[in-house]
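attaching a predicted model along with its sequence, questions to come.
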Amino acid sequence: MNKVHRLFIVDDDNLFTHITSLVVGDSDLVEEVKVYSNGKEVYDYLSVHQDTPEKLPDVILLDLSMPIMDGWGFLDKFMKLKLNAAKEIEIYICSSSISPEEIEKARSISVVSDYIIKPLTSKKLIKMIEEVRGKEDPNQ
């Protein structure tokens, strides 16, 4: 079975990251899950590994409201990294904001795959991972 190699959760909510990590782990659809508490941490990781596609994530679950560097700041810097040549990374915004303006803004950013309003149910999460798997292996 084809698995998603790497999924990054970028969120400062410890309960969300813990539960999401457990659901992803129990699904057996992802080989490795990494958690970052702000956009700067994950941006720094991606900057260091931008020329090493096998160390880059397949999926990033990104919160918008975080300390140090929020999701918007991360997206601005991410787009300047030009990682698409190395590997396509699916970015899903996972936010509790139901603001139509924020949803519209997020969905208008080319690197954002979708906007998911928290709480993120296990059913939604597994469906999203299965869709990413299907993109990686069209025979799925």
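Now that the structure is in, tell me what you want to look at.

show me what the helix or strand hosting residue 132 is packed up against.
Element membership for residue 132 (DSSP states H and E) is helix 122-136. Helices and strands touching helix 122-136, by 3 or more Cβ pairs under 8 Å, 6 or more residues apart in numbering; DSSP states H and E, are strand 4-10, helix 14-27, strand 59-62, strand 90-95, strand 112-117. The C-beta positions use only the backbone N, C-alpha and C, and glycine is treated the same way.

which one of the ones you listed is the most hemmed in?
Highest mean neighbour count among the helices and strands packed on helix 122-136 (mean count of other Cβ atoms under 10 Å): strand 59-62, with a mean of 26.

mind listing what's buried in the helix or strand just after it?
Beyond strand 59-62 on the C-terminal side, the first helix or strand identified by DSSP H and E is helix 71-81. Buried positions in helix 71-81, judged by neighbour count with 16 or more other Cβ atoms under 10 Å: 71-75, 77-78.

how far off centre is helix 71-81?
13 Å (Cα atoms, centre = their mean, to the nearest Å).

can you check stretch 11-25 too?
12 Å.

contacts for it next, please.
7, 9, 30, 33, 35, 37-38, 61-63, 66-67, 94, 118, 120, 122, 125-126, 129 (Cβ atoms under 8 Å, 6 or more residues apart in numbering).

just the buried residues from those residues, in PyMOL please.
Only the buried entries of those go into this PyMOL selection, using 16+ other Cβ under 10 Å:
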select buried, resi 7+9+30+33+35+37+38+61+62+63+66+94+120+125+129
